[in-house]
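> With the input below, show me the fold.
(one chain, ligands or ions: 1)
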Amino acid sequence: MGDVNFLQKAIQIVQQATEQDNAKNYAEAHKLYIQSLDWFTTALKYEKSERSKATIKAKTLEYLQRAEQLKEYLDKSKNKKPVAVGGNKSNSAGSANGTGKSAKEDDEDMDPEDKKRNDSLSSSIVTTKPNVKWDDVAGLYQAKEYLKEAVIFPIKFPQMFTGNRKPWKGILLYGPPGTGKSYLAKAVATEISSTFFSISPSDIVTKWLGDSEKLVKQLFEMAREKNNSVIFIDEVDSLCSSRNDQESESARRIKTEFLIQMNGVGNDSDGILVLAATNIPWGLDLAIRRRFEKRIYIGLPEPQARAKMFQIHIGSTPNTLCQADYKKLAELTEGYSGSDIGSLVKDAIMQPVRAVQCATHFKKIRAPSREDPLVMTDYVTPCSPGDPLAQEMTWMDIDPTKLKEPEITIGDCLKSLRVIKPSVNKADLDRYVEFTNDFGQDGV
Ligand SMILES: Nc1ncnc2c1ncn2[C@@H]1O[C@H](COP(=O)(O)OP(=O)(O)OP(=O)(O)O)[C@@H](O)[C@H]1O
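Got it, this is the predicted structure:
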């Protein structure tokens with residue numbers, strides 16, 4: 001449902017972009033293309049069909065290339081004499097700019113841009129801790145161990161990392177959607193004292209068209225300056241996918257820059273951990289994949305982790321669930337991801353609201369007061385029409401302060417279980433298992 005809307009929105013914006021492009025309103029067209037790219041990237045994330053994904057990717061690439069051409073044209077015409085954009089024909093990067101200036105002089109012109117990039121990167125530094133503790137992440141013990149090894153120990157016990165024992169420099173978290181990859185990254189951001197850069201590929205690609213690779217370079221430079229930094233790149237596949245004939249020039253340049261920076265060629269990349277996440281590890285560029293020394297499979301949760309997730313998600317919401325109920329729910333949710341369980345609980349939590357909304361009968365009860373739990377007071381709560389104390393009324397007849405909302409029960413969760421289904425299928429899982437056997441290791 002939501003994914004259709006993302007795609008529709010993307011198409012709607014790109015239509016406007018094309019209209020502006022045809023009308024030679026290039027600045028407006030450029031802005032709209034970029035907006036559409038954001039929507040296309042989101043649509044791609046939620047698209048399940050591989051065929052539709054391929055079509056969206058091809059279209060995105062086309063619009064990205066057009067936006068790149070327009071950016072190049074607009075940059076030139078800002079400071080220099082206007083040059084014809086040449087319809088949809090490419091003004092490839094590095095082509096003569098018609099100004100007689102050398103590339104170096106052009107670079108000097110770019111100084112304010114460098115500053116803009118630095119500002120943009122500064123906003124990627126996570127300054128407010130996301131408040132996700134290691135313990136909030138259910139299961140994934142192995143993954144947490146590796147992450148601690150990579151980010152906590154080298155700072156706390158630097159003496160342990162001498163000689164040939166070096167901290168991990170690249171860790172790739174891969175697995176089906178909603179299994180906690182980004183959530184784990186949030187735990188890293190919360191638990192470490194070092195600088196944490198959280199990078200969204202769509203930001204790099206769409207905001208910095210044409211010179212995204214410079215942003216990548218600056219990112220690593222900034223991380224090096226900060227010393228002991230973590231760079232987290234979510235959906236790394238959209239930045240570093242395997243090479244193909246259709247990819248844009250800037251996509252190629254971004255990848256090359258990543259390889260250079262991650263290699264540490266001529267750089268001191270000690271003290272930087274690149275943490276990345278992807279749903280499609282097989283789509284990663286092979287050379288980039290090799291740079292991630294640890295490739296950890298973040299799979300579907302085990303029963304124990306599922307039970308803990310139910311507990312975490314229900315949290316302090318008033319409920320009657322006991323340990324045996326959590327165990328039962330865990331047994332019934334084989335194949336559910338962390339975010340599936342999150343959605344299920346979100347639905348279950350709403351059941352008491354629905355009960356109040358649909359109730360035709362309420363009854364009076366005595367219960368501890370909300371203000372002072374040591375004092376008993378009168379409340380009304382929904383009940384069945386057959387209840388001896390039932391009075392016919394609806395929520396509109398009730399004094400709002402007198403409503404005692406029903407607590408969440410296992411029955412509420414079971415009701416939601418019938419509606420919320422697992423989002424990952426067997427064929428997808430087989431592919432991850434195959435990839436793990438060939439190139440990765442289990443993080444559960
Ligand atoms: N292991 C877990 N423990 C607790 N909550 C979890 C766990 N895994 C997932 N969740 C819940 O599911 C939500 C979505 O997870 P997250 O965004 O980390 O998934 P992801 O693997 O990064 O998915 P995607 O690949 O789609 O980005 C989290 O915000 C969290 O509420």
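> so how far is residue 288 from residue 57?
As judged by Cβ to Cβ, to the nearest Å, residue 57 and residue 288 stand 18 Å apart. Glycine gets a C-beta too; all of them are placed from N, C-alpha and C.
> what about the two, which has more around it?
Legend: neighbour count by other Cβ atoms under 10 Å for residue 57 and residue 288, higher for residue 288 (22 against 18).
> Now do the strands in the stretch 201-350 of the chain.
Applying DSSP state E, counting those that start in this stretch to the stretch 201-350 of the chain gives strands spanning 229-233, 272-278, 294-297.
> For the closest residue to the ligand within the chain, give me its contacts.
Here the residue of the chain nearest the ligand is residue 338; by Cβ to the nearest ligand atom that distance is 2.3 Å. The contact partners of residue 338, taken as Cβ atoms under 8 Å, 6 or more residues apart in numbering, are 138, 178-180, 183, 301, 309.
> Which residue, other than its chain neighbours, is closest to residue 53?
Leaving aside its chain neighbours, residue 53 sits nearest to residue 47 (5.0 Å; criterion: Cβ to Cβ, 6 or more residues apart in numbering).
> isn't the one you found right next to residue 55, touching?
No: the criterion here is Cβ atoms under 8 Å, and residue 47 misses it with residue 55 at 9.3 Å.
> Please say which of those two ends up with more neighbours.
residue 47 (20 against 12).
> Listing request: residues of the stretch 251-400 of the chain with sub-threshold pLDDT.
Applying pLDDT under 70 to the stretch 251-400 of the chain picks out residues 264-270.
> So which bits of it are right by the ligand?
277, 279, 301, 309, 312, 338-339, 342 (Cβ under 6 Å from any ligand atom).
> Narrow these to just the buried residues.
Those of those that meet the buried threshold are 277, 279, 301, 309, 312, 338-339, 342, by 16 or more other Cβ atoms under 10 Å.
> returning to that earlier point: kindly indicate which of the residues of the stretch 251-400 of the chain next to the ligand lies nearest residue 131.
residue 312 (13.1 Å; Cβ to Cβ).
> so which two of the contacts of residue 338 are the farthest from each other?
Farthest pair in these, by Cβ to Cβ: 138 and 178, 12.8 Å.
> Touching stretch 114-133 from outside, list them.
Contacts of stretch 114-133 (Cβ under 8 Å, 6+ apart): 183, 186-187, 189-191, 195-199, 203, 207-208, 211, 214-215, 218-219, 222.
> for stretch 354-366, same thing?
Taking Cβ under 8 Å, 6+ apart as the rule, stretch 354-366 contacts 376-385, 387, 389-395, 398, 403-406.
> Buried ones only from the residues you listed, please, as a PyMOL command.
In PyMOL, this line selects whichever of the contacts of stretch 354-366 come out buried by 16+ other Cβ under 10 Å:
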select buried, resi 379+380+381+382+383+390+395+398+404+406
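> Check which helix or strand the closest residue to residue 393 other than its chain neighbours maps to.
Distances taken as Cβ to Cβ, 6+ apart place residue 362 nearest to residue 393, at 5.5 Å, with adjacent residues excluded. Using DSSP states H and E, residue 362 falls within strand 361-368.
> any idea how far the very next helix or strand once past that strand is from the chain center?
Next helix or strand after strand 361-368 toward the C-terminus (DSSP H and E): strand 376-382. Strand 376-382 sits 43 Å away from the centroid of its parent chain (Cα atoms, centre = their mean, to the nearest Å).
> Since that was my last question, I'll sign off now.
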